[in-house]
Every structure is written in C-alpha cells, then in structure tokens.
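Undergrad: the sequence and its predicted three-dimensional model are supplied below.
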Amino acid sequence: MITQLQEAWKLPDLRKRMTFMLWGFLVFVIGRHIPLHQVDSAALERMLGGGTSENLFSLLNMFSGGALKQFSLFALGVMPYINASIMMQLVSVAVPSVKKLAQEGEHGRKVMSAWTRWLTVALAFGQGFGLVQMLRSAGALQATFGATVGIVITVAAATMFLLWLGEQITEKGIGNGVSLIIFIGIMVAMPSELARTFELARQGATSWTGVALLLTIFTLTIMGVIFIQKGERQIHVQYAKRVVGTRMMGGASTFLPMKVNQAGVMPIIFAMSVATFPATILTFITTDAQWVINLRNFVDTYLNPSGGRWGWPMLISLSLYFLLVVLFTFFYTAVTYDPADVSNNLKKWGGQIKGIRAGAETTRYIDRVLTRITFAGALFLGVLAILPTIVPLVTKVYTFGLVGGTSLLIVIGVAMETMQQIEAHLLMRHYKGFIN
C-alpha cells in the first residue's frame, strides 16, 4: 500500500488529484471546529453514549465526522444525503416507473441525482430541526426561536456544501468524495483516542493487559472485515458463439462474482435506527408521568444495545440487535440484487451457467447461492455490530471506539475502494500497449 502511494505521488496528474483531496480534507476539518451555539457538553456526551458504544446519536456523530459532539458547523454531516440516497434506492425498486427511469442510461441517472439532491435539502432542514429539538429536550441546548431558525438554516446549508465538496473530490481527486469525508471524520478522532488510552494505561487507570487484548481484537477484526469484504463466490458462465454481421462473436468463458457482504454497511445502520427508535421518540416526551418513566426504564433495560451492565437484559438487547442486523442483511440484499434480472441479462447476451438451464432454473440457482453466502455475511455483520458493546466490557478499556461496528466497516471499505482506484490509475498510466 505504501509503495503504491509513493508511486502515485511521483506522477504529476495523480499528485495533483491527491493534493486536491487533501485540501478538501483540510476544509472539512476546519469546518468541524467552527462552533454553532453554546451547548451543555455533559448532556451532549450522555446523548452520544460516552463515545465508545453505538446508538442513534453516536451514529449521527460518526457521519458528521465528530462535528455533532462539538455542535459545530457540520453537525449534520452528510447524513441527510445518505438517507436521501437510501430512500431513492428503495423507491426505485418499489415503484416501476422510477425503476424504468433509473435504467434509462445517462438521462435517468441525471434525473435521479437531481431528485436525490432536492430530497437531501428537505431532509437537511427536517433533520436540522429534529436535532435542535432533541438537544433542547435533553437539556443540552438553550436557544430562542430566532436562534433555532438560524441554526437549522446553517446546518442545512453546511450539509449541501459538504455534498458539493464531496462531488468535487470525486471529480478532481481520487475515490468517492462523500465516503472519503466520512472516512476522514472517523480517522481524525483515532490518534486522540489511542493517546488517551495509552496515557490511562501509563497512569495505571487501565491495565496494559486490557490494552494488549484490545489491540489484538482490533487487529483480528480488521483481518476479518477485509476477508469478508474481499470474499466472493464465482459462478462459471459460458457465452455461446453467435454471428453478428459477418463476424463470429462470443464463445468466451467468464465468472459471475457474488460478494459475501452484498449489503455493505447498510444493515447495521438500519438495525441501529430501528433499535434506537423507541428511545428517540421518548426523548420528545417531557412529561414525568409514571407510565412514561416505566416505559423509559423498559426501553433502556431491554431495547438498548449500546450499553449497560452485563446480564440478562443486555443479553436480550444484544440478541435482538443481532437478529435485526441479520434480517436487514437479507432484506437489503434482496432489494439491491435481483436474481431474475441477472438471469435475464445472461440469457439476453447468450450466457449460461454450466450445468444449469437458462431462464427460471438459472434464477433459482442464483437465488439459492445468494441466500447461502448472504447467511455467512449476515452472521459476520451481526457479530461486528455488537462488538462495540462487548469489547469494552471484556478489555475494561472505554476510550477507544473503533473496534467493530459501523465505523470500522466504513473505514476499511473506503480505504480498500480508494486504494483500488489508485491502483487502477497506476495500471492505466504504466500500460505500454501491444505495439511496445
């Protein structure tokens, strides 16, 4: 990896792209330190779950690159755009006319992109207002009506600026700009967390054995994520020969790749949103009625996968969270990967899976293989999702939150994707052609 980066830096074009990407990162880091309004840091820290566990607010904080924790300019981050993209993806599957539009080449992509941007604007205003209300109900923010309107407009505009910055990084830099903004936001906090962990161990507040165990689990988790992310089932496909004009085409043999983790990080995000939905709704209820108190205690005890003491309540909440991740993995895979479409495309271009008839039998075979490999990916995502809660209890180290969960999956996925693009640029520039 280091060798590839050194070779890329030697090429003027790639060095220019990488420099632009670094300047974009600098703009983002500066923006996340510009404060919006004075907040109660202790109340905000309680909302975020202490920083080591995952709940809805820590998820928002992660997608804002830590800006929510400081309640700074980029407090919403790119979360409205991510939500808008997910909604448009689900609509394109559920509504036939939108699905047909999405398949109309460049024109369809431009229209879908425009709809996504407008939906992002609406969600940015809505989520900005919701965020202010949640902060006020938690006692973390005291703001007048005028200040509330100003904050909502500011965070919505900052979200759209981040979206524009991400598009510029995608066009003039390397990799997916929005993903890289999330990546750098997560990685910015890593040095300080490591420094704080080693400082506590040096002072005796944390044992060196726990730190060593934490680093071991962290390393093994990274290896597991890379293994699953790179893992795929290759189905042998044979294309029949056919005559096109006066030329014989086809006759090639290739593979149909099917990834083990087809759904990516989305099942964990969906599961976390559903698991924390009751607690989020209860934050808007300010009454001290006994039934509300009992309901809050029940939700915090049995429906909170992000913290608490080890025991049956935590075991139940983690089991429910694990089950949600598994179910959403199958759901999102079914939404994004249609075996019938793959089968029809193979049949259209004269492709056939060895030993399987084209048509309905091919669809059933692909669906059966997809179900089996998705089961393995779902189990891994489920384990990865509950690691941020279990690891601190095992290691007794509560100052490092990058072990498992959404953060680690995003960091490794974006790093692998960016390195693949750098490698593709290097191969393209070092290609000499057949004549030479």
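TA: Sure thing, it's come through.
Undergrad: helices or strands next to the lengthiest helix in the chain in the packing?
TA: For the chain, the longest helix by residue count, based on DSSP state H, is helix 360-395. Where contact means 3 or more C-beta pairs under 8 Å, 6 or more residues apart in numbering; DSSP states H and E, helix 360-395 is packed against helix 208-230, strand 232-239, strand 253-259, helix 266-275, helix 312-336, helix 339-348, strand 351-353, helix 405-430. C-beta: built from backbone N, CA, C; applies to glycine.
Undergrad: between strand 232-239 and that helix, find me the angle.
TA: Between helix 360-395 and strand 232-239, the angle comes out at 160 degrees (axes from the mean of the first three to the mean of the last three C-alpha atoms, to 10 degrees).
Undergrad: pLDDT (mean, whole number) over the helix or strand harbouring residue 296?
TA: Using DSSP states H and E, residue 296 falls within helix 290-302. In this model, helix 290-302 has a mean pLDDT of 77.
Undergrad: could you do stretch 23-31 as well?
TA: Across stretch 23-31, the average pLDDT comes to 89.
Undergrad: CA atoms of that stretch as CSV?
TA: Extracted C-alpha coordinates of stretch 23-31, given in CSV (Å, rounded to 0.1, in the frame of the first residue of the first chain):
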residue,chain,number,x,y,z
TRP,A,23,-7.1,20.3,0.6
GLY,A,24,-10.7,19.1,0.7
PHE,A,25,-10.0,17.2,3.9
LEU,A,26,-8.5,20.3,5.4
VAL,A,27,-11.6,22.3,4.6
PHE,A,28,-13.8,19.7,6.3
VAL,A,29,-11.6,19.5,9.4
ILE,A,30,-11.7,23.4,9.8
GLY,A,31,-15.5,23.4,9.4
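Undergrad: how far off centre is it?
TA: Taking C-alpha atoms, centre = their mean, to the nearest Å, one finds the center of stretch 23-31 at 20 Å from the center of the full chain.
Undergrad: got a list of contacts for it?
TA: By C-beta atoms under 8 Å, 6 or more residues apart in numbering, the residues outside stretch 23-31 that reach it are 65, 67, 72-74, 158, 161-162, 165, 168-169, 173, 177, 180-181, 184-185, 188.
Undergrad: so which of the residues you listed are in helices?
TA: 67, 158, 161-162, 165, 168-169, 177, 180-181, 184-185, 188.
Undergrad: for residue 201, which non-adjacent residue is closest in space?
TA: Nearest-residue entry for residue 201: residue 211, 4.9 Å, with adjacent residues in sequence omitted and distances by C-beta to C-beta, 6 or more residues apart in numbering.
Undergrad: near the one you found, how many other residues are there?
TA: Residues lying near residue 211 (other C-beta atoms under 10 Å) number 21.
Undergrad: close enough to count as contact, residue 236 and residue 354?
TA: Yes. Using C-beta atoms under 8 Å, residue 236 is in contact with residue 354, at 4.9 Å.
Undergrad: which of the two has more residues huddled nearby?
TA: residue 236 (13 against 9).
Undergrad: just to revisit the earlier point, buried ones from the contacts of stretch 23-31, can you make that a PyMOL selection?
TA: A single PyMOL command selects the buried members of the contacts of stretch 23-31 (16 or more other C-beta atoms under 10 Å):
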select buried, resi 65+67+72+73+74+158+162+165+168+169+173+177+180+181+184+185
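Undergrad: centre of the chain to stretch 195-203, how far?
TA: Per C-alpha atoms, centre = their mean, the centroid offset for stretch 195-203 relative to its chain is 30 Å.
Undergrad: quick one: residue 206 is in a strand?
TA: No. Residue 206: not assigned to a strand; according to DSSP: H, G, I helix; E, B strand; the rest coil it is coil.
Undergrad: can you tell me the closest non-neighbouring residue to it?
TA: Residue 206's closest residue in space is residue 200 (C-beta to C-beta, 6+ apart), at 4.3 Å.
Undergrad: tell me how many other residues crowd the one you found.
TA: Counted with other C-beta under 10 Å, residue 200 comes out at 17.
Undergrad: isn't it right up against residue 207?
TA: No. When contacts are counted by C-beta under 8 Å, residue 200 is not listed as touching residue 207 (9.7 Å).
Undergrad: how about the nearest residue to residue 161, chain neighbours excluded?
TA: Using C-beta to C-beta, 6+ apart, the nearest residue to residue 161 is residue 31, at 8.0 Å.
Undergrad: before we move on, the earlier item: gap between the longest helix of the chain and the chain center?
TA: 16 Å.
Undergrad: now swap in stretch 16-29 and tell me
TA: Using C-alpha atoms, centre = their mean, the offset of stretch 16-29 from its chain centre is 21 Å.
Undergrad: stretch 170-189 too?
TA: 12 Å.
Undergrad: kindly report the same for stretch 282-300.
TA: 31 Å.
Undergrad: and if you look at stretch 79-99?
TA: The chain centroid and the centroid of stretch 79-99 are separated by 16 Å under C-alpha atoms, centre = their mean.
Undergrad: what does it rub up against?
TA: By C-beta under 8 Å, 6+ apart, stretch 79-99 touches 60, 63-64, 101-102, 112, 115-117, 119-120, 123-124, 127, 156, 159, 162-163, 178, 266, 335-336.
Undergrad: give the buried residues for that stretch.
TA: Per 16+ other C-beta under 10 Å, stretch 79-99 contains these buried residues: 79-86, 88-89, 91-92, 98.
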